[in-house]
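Trainee: I need the structure of the sequence given here:
(one chain, ligands or ions: 1)
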Amino acid sequence: MIGRDERILQFVYTLRSKGVTDERVLMAMEKTDRAIFIRGTFTERAYDDMPLPIECGQTISQPSVVGIMTQALKVGPRDTVLEVGTGSGYQAAVLSHLARRVYTIDRHRRLTEAAEARFRALDMANITVFTGDGSFGLPGQAPFDRIMVTAAAEDPPGPLLAQLREGGIMVVPVGQSDAVQTLIKVTRTPDGLDYEELLPVRFVPLVEGRGDH
Ligand code: SAH
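Mentor: The predicted model follows:
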């Protein structure tokens, strides 16, 4: 049996070897115990670099993908960030160490309630959780400095692009739900939108409307 410290060392080593090199991002991920965001027997695999099942048929993303997406977002300490797809809350918790404020939204109430309870237990007071269809963003809280979408859309949703501040960055997996998806970085410049393809990824689909539970 290896201890948590050793697991964390290996975890950070794996993240680095997969291209997560930003020290602030590595620090945020080191501080966020992924085991807290996973239930049941899967907690044993919390520090493995793999996605794992969570409630409502969804998944907590692979840590190296969380790292690469967080790094691509270039979050600063004064930034307001919107995350679409709360899931377990893990990604939002990582972001909360880097941003001034994090808004996160999921269509499943069961997931948002569990995530909110975790944030409260961890004293993460700068995260606000919403339940609803995140493809419309949060008009009341917009504009955002950074937007991260953690479910795959066919195209970057228009309302989210509209809620991105000038100079703002959005990362979003784009593609047909089960086919190849590409992680896209969108930057709002004074002249419009700049698109950059980052890497192939596989996410659960962005689904319209509220979840049943
Ligand atoms: N970021 C999460 C993993 C996300 S899995 C984590 O760190 O654990 C993708 C999530 O997107 C799922 O929880 C799913 O319910 C949610 N989702 C899918 N379509 C959505 C939509 N239109 N609005 C809000 N959430 C959505």
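
Trainee: buried residues in the helix or strand bottoming out on mean pLDDT in the chain?
Mentor: Using mean pLDDT, DSSP states H and E, the weakest-scoring helix or strand in the chain turns out to be helix 4-17, at a mean of 92. Judged by neighbour count using 16 or more other C-beta atoms under 10 Å, the buried positions of helix 4-17 are I8, F11, V12, T14, L15. C-betas here are computed from N, CA, C, even on glycine.

Trainee: now do the helix or strand just after it: which elements does it pack against?
Mentor: Scanning forward in sequence from helix 4-17 by DSSP states H and E, the next helix or strand is helix 23-31. Contacts defined by 3 or more C-beta pairs under 8 Å, 6 or more residues apart in numbering; DSSP states H and E place helix 23-31 against helix 4-17, helix 63-73, helix 90-96.

Trainee: report pLDDT for the residue nearest to the spatial centre of the chain.
Mentor: Among the residues of the chain, the one closest to the centroid is Q91, at 3.9 Å (C-alpha atoms, centre = their mean). pLDDT recorded at Q91 is 98.

Trainee: so which bits of the protein are right by the ligand?
Mentor: 56, 58-61, 84-85, 87-88, 90-91, 105-108, 111, 133-135, 150-151, 204, 206-207 (C-beta under 6 Å from any ligand atom).

Trainee: give me that answer again for 5 Å
Mentor: 58, 60, 85, 87-88, 90-91, 106-108, 133-135, 150-151, 204, 206-207 (C-beta under 5 Å from any ligand atom).

Trainee: hang on, R110 in a helix?
Mentor: Yes - according to DSSP: H, G, I helix; E, B strand; the rest coil, R110 belongs to a helix.

Trainee: could you tell me how many residues sit around the closest residue to it other than its chain neighbours?
Mentor: Excluding the flanking residues, the one nearest R110 by C-beta to C-beta, 6 or more residues apart in numbering is H213, at 5.0 Å. For H213, the tally of surrounding residues (other C-beta atoms under 10 Å) stands at 9.

Trainee: let the chain start at 194 from now.
Mentor: Done: numbering now begins at 194, and the last item shifts to H406.

Trainee: which ones are touching H406?
Mentor: Neighbouring residues of H406 by C-beta atoms under 8 Å, 6 or more residues apart in numbering: C249, H301, R302, R303.

Trainee: what's the answer for I340, then?
Mentor: Taking C-beta under 8 Å, 6+ apart as the test, what I340 contacts is 274-277, 330, 353, 356-357, 361-365.
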